[in-house]
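> Please find the sequence and the predicted model below.
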Amino acid sequence: VRMLLAKSGQHSIEVVSVLRRRSGATVMNARQSLDMNSILSNRNDLSEMGLQEVFPDITNQQDVDSYMTHLRDVVKAHAIVEVLPVNYKTAQPALSVIETSLTHGLHAVSANKAPVVHAHSRLTELASKNDCLYRFESAVMDGVPIFN
């Protein structure tokens, strides 16, 4: 994440969206930070916080594509941090979320091993092609010195 911040000239991280497997994505309509403490303590119904949930089906590629387009064009996000529950046999839904973010020019950081195992070469090529970074350090032996 520090490399992404340095590359973008940013010095802090702002959470502008949360994608949840069961209830969809919460996105801001403008570049504002979400209060993570409130989101984490209110897991079931974010509408109580006045947040709109959109793009409800992350297994639907069209919804994922719309979500990434919104993050890039409306929210002006620079990167995604993917920590979704994943099917280790298919790497989904994490793999499609990472691929789509890179295709849309958004850097991707993943905490999942499955996308690295199933598609490392494809993801690094896609990142390079779109001038993005794909990082997965915490997914592979988090306590070991940096290697990617």
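Thanks, I have the structure now.

> Can you verify residue 73 is assigned to a helix?
Yes. Residue 73 forms part of a helix when assessed by DSSP: H, G, I helix; E, B strand; the rest coil.

> got the contact list for it?
Listed by CB atoms under 8 Å, 6 or more residues apart in numbering, residue 73 has no contact partners. (C-beta placed from N, C-alpha, C; glycine too.)

> List the buried residues of the longest helix along the chain.
Using DSSP state H to define each element, the chain has its longest helix at helix 114-129. Within helix 114-129, the residues that count as buried by 16 or more other CB atoms under 10 Å are 114, 115, 116, 118, 119, 123, 124, 126, 127.

> and residue 90, what does it touch?
Each residue near residue 90 by CB under 8 Å, 6+ apart is listed here: 114, 118.

> Residue 94 versus residue 81, what's the distance?
11 Å (CB to CB, to the nearest Å).

> Between those two, which contacts overlap?
Listed as contacting both residue 81 and residue 94 by CB under 8 Å, 6+ apart are residue 110.

> how about the longest helix of the chain as CSV, C-alpha atoms only?
Taking Å, rounded to 0.1, in the frame of the first residue of the first chain, the C-alpha atoms of helix 114-129 are listed here in CSV:
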residue,chain,number,x,y,z
ALA,A,114,-6.0,-18.1,-4.6
PRO,A,115,-5.7,-15.4,-7.3
VAL,A,116,-1.9,-15.6,-7.0
VAL,A,117,-2.0,-19.4,-7.5
HIS,A,118,-4.5,-19.4,-10.3
ALA,A,119,-3.6,-16.3,-12.3
HIS,A,120,-0.3,-14.7,-11.1
SER,A,121,1.1,-14.3,-14.6
ARG,A,122,-2.1,-13.1,-16.1
LEU,A,123,-2.7,-10.5,-13.3
THR,A,124,0.9,-9.2,-13.4
GLU,A,125,0.7,-8.8,-17.2
LEU,A,126,-2.7,-7.1,-16.9
ALA,A,127,-1.3,-4.7,-14.3
SER,A,128,1.7,-3.9,-16.5
LYS,A,129,-0.5,-3.4,-19.6
